[in-house]
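Q: Here is the input, now give the coordinates:
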Amino acid sequence: MEDKAPLWSPIINLTSILVIPVAHFHKRILTYKMSDDDWCTIESDPGVFTELLGEIGCTAVQLEELWSLDDETLNALNETGEIYGLIFLFQWKSKSNEEKTDAAKETLSEEQIPESLFFAHQVTTNACATQAILSVLLNQGDKIELGPTLKEFKDFTASFPPSLKGVAISGCEPIKKAHNAFGRTDAFLNDGKFVSRHSATEDVFHFVAYTPQNGTVYELDGLQSGPIVVGKLSDDEQLNVPTKWLSLAREAIQKRMEGDAIKFNLMAVIKDKRLGLKEMIERDPSNEGLVHQLQMEEEKRKQWTLENQRRRHNYVPLCVSILKELARANKLPQLVEEAKERKRQKLANAKALKTG
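A: Numbers count the residues shown, from 1 in each chain. Okay, here's the model as predicted:
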């Protein structure tokens, strides 16, 4: 009986087909043009990412959007379970600007990366959000039940250099399938003929992860050559101040916010709040406040499910049918002209604001 092949066996097939020395193959990977043909763009939303992880098999975590980085917010979030990492989305400018931002940071070379630290280069453009979340999850040791897919992936890629880890993420079908399940089903957006995905005026956004491991807080950015050391914790801080690492990550994030990151979003990767609340209720069954919080979390999950169903639904046939009915009723030409007039008015108002 044949052994069951890993879920990402195409990586093995790729190396055997190329028939080139492994060291040379690693160098080739670093020069590959970043591709997004197989990975779609997905919305940056905690409900999307939480359900995405659930479909991969990691069900004991969730993502929570953060509106503040003050101690009160972070401590309140930590009450129901551990904060595993932070995901920071920011508007990416140019390579030169990023190099200036990162010039003073301590970036580890490949030889300096600890064996226990998972770090992957980004080789697929649209995978950066999922890769940032994986960078947090795969660095938690035994704190998180990863599920069979991610556990097998972590074990399989443990000895890979960052370049091959990135290729492995790109070629992992279960991860890619879960990611693409949240892509837009709009045919006009996906065929590439009507909308340019990389136009000169299009804003480009990027995700980076912040997470602690063995007393060191890292910034994990797949576009960098290696992990960036944000700061280090003392033995006492690791044992007695579990949220201390967040203050170090907060400083690094605030520096990005003060720079060119005009548009940004911040999420925390945390233990499923429902699990933490249930544990707290078991210890204090009469606490109505905890019961109410749990009910709110359950309602939030239902809302996330509904919103994700709407994201996945293709509304194009409905829109086409409405347009046909409007045309049949001879109302479409008038509505088109009214829409054009509203657009002209908006452009005129915008121009007036600039000149004024």
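
Q: What residues does Asp272 make contact with?
A: Residues near Asp272 by C-beta atoms under 8 Å, 6 or more residues apart in numbering: Thr59, Ala60, Val61, Gln62, Gly81. To be clear about C-beta, it is placed using only N, CA and C from the backbone, and glycine gets the same treatment.

Q: So which of the residues you listed belong to strands?
A: Val61, Gln62 (DSSP state E).

Q: Let me see the domain layout of the protein.
A: Domain assignment for the chain by automatic domain parsing gives 10-271, 316-355.

Q: Just to check, Trp245 is in contact with Glu219?
A: No: in this structure, Trp245 is not within contact of Glu219 by C-beta atoms under 8 Å, at 11.9 Å.

Q: Pass me the low-pLDDT residue ranges in the stretch 101-250 of the chain, would you?
A: 101-104, 185-203 (pLDDT under 70).

Q: Would you map the helices across it?
A: Counting by DSSP state H, counting those that start in this stretch, the segments of the stretch 101-250 of the chain that form helices are 128-137, 148-156, 162-171, 173-180, 187-190, 235-240, 244-258.

Q: mind putting those helices in a markdown table, mean neighbour count and distance to Gln295 included?
A: Output for those, formatted as a markdown table (neighbours: other C-beta atoms under 10 Å; distance: least, C-beta to C-beta, whole Å):
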| stretch | mean neighbour count | distance to Gln295 |
| --- | --- | --- |
| helix 128-137 | 25 | 27 |
| helix 148-156 | 17 | 30 |
| helix 162-171 | 23 | 37 |
| helix 173-180 | 18 | 28 |
| helix 187-190 | 13 | 37 |
| helix 235-240 | 11 | 33 |
| helix 244-258 | 17 | 28 |
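
Q: To Gln112, which of the ones you listed lies closest?
A: helix 162-171 (11.7 Å; C-beta to C-beta).

Q: How far off centre is the closest one?
A: 16 Å (C-alpha atoms, centre = their mean, to the nearest Å).

Q: Against which helices or strands is it packed?
A: Counting contacts by 3 or more C-beta pairs under 8 Å, 6 or more residues apart in numbering; DSSP states H and E, helix 162-171 is packed against helix 10-18, helix 22-31, helix 128-137.

Q: what's downstream of the second one, the next helix or strand?
A: So that's helix 22-31. Note on helix 22-31: by DSSP states H and E, the next helix or strand toward the C-terminus is helix 46-56.

Q: who does that next one touch, helix- and strand-wise?
A: The helices and strands touching helix 46-56, judged by 3+ C-beta pairs under 8 Å, 6+ apart, are strand 61-65, helix 128-137, helix 173-180, helix 288-312.

Q: Please identify the buried residues of the last one?
A: Using 16 or more other C-beta atoms under 10 Å as the burial criterion, the residues of helix 288-312 that qualify are Leu290, Gln293, Leu294, Glu297, Lys300, Arg301, Trp304, Asn308, Arg311.

Q: from these, which is closest to Ala178?
A: Nearest member of the buried residues of helix 288-312 to Ala178, counting by C-beta to C-beta, is Asn308, at 11.9 Å.

Q: Please name the spatially closest residue to that closest one (chain neighbours excluded).
A: Distances taken as C-beta to C-beta, 6 or more residues apart in numbering place Glu51 nearest to Asn308, at 5.5 Å, with adjacent residues excluded.

Q: Likewise for Phe207?
A: Closest to Phe207 by C-beta to C-beta, 6+ apart is Ala132, at 3.9 Å.

Q: possible to save the helices and strands packed on helix 46-56 as CSV with distance to Ser116?
A: What follows is the helices and strands packed on helix 46-56, written out as CSV (distance: least, C-beta to C-beta, whole Å):
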stretch, distance to Ser116
strand 61-65, 19
helix 128-137, 13
helix 173-180, 21
helix 288-312, 32
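
Q: Can you check which of the ones you listed gets nearest to Lys232?
A: Shortest distance between Lys232 and the helices and strands packed on helix 46-56, using C-beta to C-beta, is found for helix 128-137: 18.5 Å.

Q: And the residue nearest the centre of this protein?
A: Nearest to the mean C-alpha position of the chain, counting by C-alpha atoms, centre = their mean, stands Ala129 at 2.4 Å.

Q: which residues does that residue contact?
A: Contacts of Ala129 by C-beta under 8 Å, 6+ apart are Ile42, Ser44, Phe49, Ile87, Leu89, Phe207.

Q: Out of those residues, which two are the most distant from each other?
A: Within those, Ile42 and Ile87 form the most distant pair, 13.2 Å apart (C-beta to C-beta).

Q: between the two, who's got more neighbours?
A: Ile87 (25 against 20; other C-beta atoms under 10 Å).

Q: my guess is the more buried one meets Phe264, correct?
A: No: judged on C-beta under 8 Å, Ile87 makes no contact with Phe264 at a distance of 11.0 Å.

Q: Look up how far Trp67 lies from the residue lying closest to Leu233 once chain neighbours are set aside.
A: If the residues on either side of it in the chain are set aside, Leu233 comes closest to Gly215, at 4.8 Å by C-beta to C-beta, 6+ apart. Note on Gly215: its distance to Trp67, by C-beta to C-beta, to the nearest Å, is 29 Å.

Q: Tell me which of these two has more neighbours.
A: Legend: neighbour count by other C-beta under 10 Å for Gly215 and Trp67, higher for Gly215 (13 against 8).
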